[in-house]
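Enquirer: Dropping the sequence and predicted coords here.
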Amino acid sequence: MAEPWEEEGPGTVKKFMYVNRKAPYGTIYALESLEVVLIAAAFEQDVSLAFLDDGVYELKKGQDTAGIGMKNFSPTYRALEGYDIEKLYVEAESLAERGLTEADLLVPVEVMSREALAKMMDEQDVILSF
Amino acid sequence: MSMLHTVNKSPFERNALDSCIKHALPGSAILLIEDGVYAAIKGTAHEGMVRDSMANHSLYVLGPDLLARGMSPEQVIDGISVVDYGGFVDLAVNHDKVQSWL
Amino acid sequence: MPIEVNGKSYETDEEGYLANLNEWNPEVGAAMAKADGCDLTDSHWEVINFLREYYEEYQIAPAVRVLTKAIGKKLGEDKGNSKYLYELFPYGPAKQACKYAGLPKPTGCV
């Protein structure tokens, strides 16, 4: 048996995409997605996160939940890089519809067209929807 | 092989179906389940959007979810196939992956 | 089960993690370690303080793999390895050090 500090190889690497389409706080989807991403990061797969529709609101800068008695989990998106999750895709149309630009987001992302994102989703091995 | 998309929200409450149609690549299948089945009914405000999508996608609706909501297969838009749970399984098996729109 | 430190009672969950992280102070951390038969040295505190800063910035306790890598970056490669951290915290560095740091149990792989 391996010692706890000896790491095993990742085995077969699959492309996993987490698709986020819900605003934070109003429902539990956004936080649940983030927690699953953090847990699954241990499996060393090819992980990406997509933010579209109201999901783009998850990345809005300046969230302050002090007044609603809920935890502000937006700083955690900045921890993803340390978990080797660096592919964050945001749909341009979803941003534009909401009057947002890349400058409103709290982490570096790749903004792409709906068409490009649709193709990207099609290329995944597994899609997890939130 | 292409993607099977499932939609489980009413088009009147959420944009799940709208977003699904906008992102599903041509040739993929869309299965309406749970509250998503309301989109399959003739004469709703969303019928045009659903009919338009049928040019690029094959549409299915889950029969048991229709019946549970007091809808009959006769009320379903022509061209949408009504499937049972076995049909749901066949669809899942015959597509290489499933994406759910919530 | 609450723990008593200097006459004050601190609420904990069933695994001994502090219920309210704002109540934490170094004496509480030391008392928790003592109860586990562990005397905290400067090397322990280095990791505990690092965890508190990490939590402050990101609002989560890091997974052990992430902690190890981040410690290596911050405190030097000789400390950024599992062997060093497991020697300090034999019950699992993320799990045990988080407890003494007053943080919740890390999400995921500990």
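Expert: The structure has been received and is ready for your questions.
Enquirer: Regarding the residue positioned nearest the centre of chain A, what is its secondary structure?
Expert: Nearest to the geometric centre of chain A sits residue A:49, at 3.8 Å (CA atoms, centre = their mean). Following DSSP: H, G, I helix; E, B strand; the rest coil, residue A:49 is assigned to strand.
Enquirer: which residues touch it?
Expert: A:17, A:18, A:20, A:37, A:80, A:85, A:87, A:88, A:89 (CB atoms under 8 Å, 6 or more residues apart in numbering or on different chains). Heads up, the C-betas are built off the backbone N, CA and C, glycines and all.
Enquirer: Kindly state the beta-bridge partners for it.
Expert: residue A:18, residue A:88 (DSSP bridges).
Enquirer: any idea how far it lies from residue A:55?
Expert: 9 Å (CB to CB, to the nearest Å).
Enquirer: shared neighbours, those two?
Expert: residue A:20.
Enquirer: and the helix or strand harbouring residue A:94, how far out from the chain's middle?
Expert: Residue A:94 belongs to helix A:92-97 when elements are defined using DSSP states H and E. Relative to its parent chain, helix A:92-97 has a centroid offset of 17 Å by CA atoms, centre = their mean, to the nearest Å.
Enquirer: buried stuff in it?
Expert: A:92, A:93, A:94, A:95 (16 or more other CB atoms under 10 Å in any protein chain shown).
Enquirer: Show me which residues of chain A sit near chain C.
Expert: By CB under 8 Å from any CB of the partner chain, the residues of chain A that approach chain C are A:4-5, A:7, A:35, A:38-42, A:71-73, A:75-76, A:78-79, A:82-83.
Enquirer: List buried residues within the residues you listed.
Expert: By 16+ other CB under 10 Å, those give A:35, A:38, A:40, A:41, A:73, A:75, A:76, A:79, A:82, A:83 as buried.
Enquirer: what two of those have the greatest distance between them?
Expert: Using CB to CB, the two most remote members of these are A:40 and A:75, lying 19.9 Å apart.
Enquirer: ranges for the strands of chain C?
Expert: With DSSP state E as the criterion, chain C has strands at C:3-5, C:8-10.
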